[in-house]
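Have a look at this prediction, sequence included:
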Amino acid sequence: MGEIKSALELALEKTDSVKSDRSLIVKNEADEAGRKAAFEYLEESSIKPSSLEAKLKAADKNNRQWVKEGMFKVLSSNLKLPEDKNSFEKIGRLKDGFAAIAEKKKEVLFLFDQIEGLYNNYLQNKTSAVEKLKNSYARKLKEKEMALSQQLGKEVHLTPEKDPEFLDYLHKTIGQLDEQYQEVLGKVKEELKKRI
């Protein structure tokens, strides 16, 4: 009869073949340090962009690129399409953060001028799309109001924002717009990465 092994013995046998790769551990730690520094920079407005630069310079020369990659990941993940004009405050902070870690600072600043233009264009197109949709849906909404008024025997007023069918159209329209702009923003992020 075969020998019955304990769970610990089985686990130890499985881990015998796994050897820790020291360079991978160092890389992950450096990447994590970069992520943490960028996250703290974005969360705490009192932290200056120069602190990111200082953390890069303080990092071991062999690990500096990994720290920078961690910073880039956090900064780029926060570079999103704007909800409204208030989103422009955050873009200024991101711009300064990217410039602080960039090899080609002037090119990064130029790209951010383009991003600001993209944001303005996106917000204008989004507002325009919503207005056009409301205008084209107005007749249908009036018809619904009339039908409901007749059915209920009293005057009914509907707004597009509370009509499920309108909201469905709106969601699809904004989704298509977002998809187009996300594609452009993705390309801009690639260009930023080349300059970091």
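Sure thing, it's come through.

check contacts around the closest residue to residue 108 other than its chain neighbours.
Distances taken as C-beta to C-beta, 6 or more residues apart in numbering place residue 102 nearest to residue 108, at 4.3 Å, with adjacent residues excluded. (Each C-beta comes from the backbone N, C-alpha and C, glycine too.) The contact partners of residue 102, taken as C-beta atoms under 8 Å, 6 or more residues apart in numbering, are 108, 195-196.

I'd like to know how far residue 102 sits from residue 190.
If you measure residue 102 against residue 190 using C-beta to C-beta, to the nearest Å, the figure is 14 Å.

repeat for residue 183
Separation of residue 183 from residue 190 (C-beta to C-beta): 11 Å.

any shared contact partners between these two?
If you check residue 183 and residue 190 against C-beta under 8 Å, 6+ apart, no residue is contacted by both.

quick check: domain ranges of the protein?
Taking automatic domain parsing as the criterion, the chain consists of the domains 22-78, 83-196.

Next, format these as JSON lines and append mean pLDDT.
Converted to JSON lines, these look like this (pLDDT from 0 to 100):
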{"stretch": "domain 22-78", "mean pLDDT": "93"}
{"stretch": "domain 83-196", "mean pLDDT": "90"}
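
any idea which of the ones you listed is most buried?
Mean neighbour count, computed with mean count of other C-beta atoms under 10 Å, is highest for domain 22-78 among the domains of the chain, reaching a mean of 16.

what's the first-to-last distance across that domain?
31 Å (C-alpha to C-alpha, to the nearest Å).

mind starting the numbering at 158 from now?
Right, with 158 as the first residue, what we last looked at is domain 179-235.

neighbouring contacts of stretch 311-321?
Outside stretch 311-321, the residues touching it (C-beta under 8 Å, 6+ apart) are 290-291, 294-295, 298, 301-302, 305-306, 323-324, 327.

Mind doing that once more with 10 Å?
Under the contact criterion C-beta atoms under 10 Å, 6 or more residues apart in numbering, stretch 311-321 has outside partners 287, 290-292, 294-295, 297-299, 301-307, 323-324, 326-327.

now, which of these lie within helices?
Secondary structure defined by DSSP state H assigns 287, 290-292, 294-295, 297-299, 301-307, 323-324, 326-327 of the contacts of stretch 311-321 to helices.

Contacts made by stretch 189-202 with the rest, please.
By C-beta under 10 Å, 6+ apart, the surrounding residues in contact with stretch 189-202 are 204-206, 208-209, 211-213, 215-216, 220-235, 246-247, 250-251, 253-255, 257-258.

So which of those residues belong to helices?
Using DSSP H, the subset of the contacts of stretch 189-202 located in helices is 206, 208-209, 211-213, 215, 221-234, 246-247, 250-251, 253-255, 257-258.
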